[in-house]
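Enquirer: Provided below are the primary sequence and the corresponding predicted coordinates.
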Amino acid sequence: MTAHGDLPAPQRGLLVTHFLTVRDVERSRRFYADVFGGEVVMEENPAIVKVANSWIIMNPGGGPTPDKPGVTLEVPQSTERVSSFLNVRVADMAAFHADAVAKGAHFLTEPLDRGAELRCYLRDPDGYLIEVGQSTGLLHGLHAD
């Protein structure tokens, strides 16, 4: 899928990655590699972790650049309001949850059965919200309550 090993570089078309502005690149890189079983494909400048069929790209924040004038990148200032989040789908919620907790992940709640799916949320070291879900009833036409 990529032209340069595991770097997110499509041979044709496009692919989607997720960029996170982080306080501590090493800590965040370790979190995504450990909790999500990711492969570190670049240590820093930027850090890139391949997670399943996607990539998480991480770098510290900074001010405007010629290609993004007037835009400053910064980590979340509050964990109470979010405008986007990472959505991860797993095959086995119980196994993923137990493994992630054993690796130090902190979930907002235990996985909840919403009819269509099992779902819970956790935060990364910078406070980014991550939804983890396993489709259950949705596979049989049931939607969430």
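Expert: Ah, there it is. Residues are numbered from 1 along each chain as shown.
Enquirer: so where is the chain shaky, pLDDT-wise?
Expert: 1-5, 145 (pLDDT under 70).
Enquirer: From G63, how far off is the nearest residue to V51 once chain neighbours are set aside?
Expert: Excluding its sequence neighbours, the residue lying closest to V51 (CB to CB, 6 or more residues apart in numbering) is G38, at 4.1 Å. The C-beta positions use only the backbone N, C-alpha and C, and glycine is treated the same way. G38 sits 29 Å away from G63, taking CB to CB, to the nearest Å as the criterion.
Enquirer: show me the contacts for the residue minimising distance to the centre of the chain.
Expert: Geometric centre of the chain, nearest residue: L86, 4.7 Å, by CA atoms, centre = their mean. With contacts defined as CB atoms under 8 Å, 6 or more residues apart in numbering, L86 is in contact with H18, I56, Y128, L129, I130, E131.
Enquirer: quick one: which of those residues sit in strands?
Expert: H18, I56, L129, I130, E131 (DSSP state E).
Enquirer: list the contacts for the second one?
Expert: Right, the one you point to is I56. T17, H18, L20, Y32, G38, I48, V49, L86.
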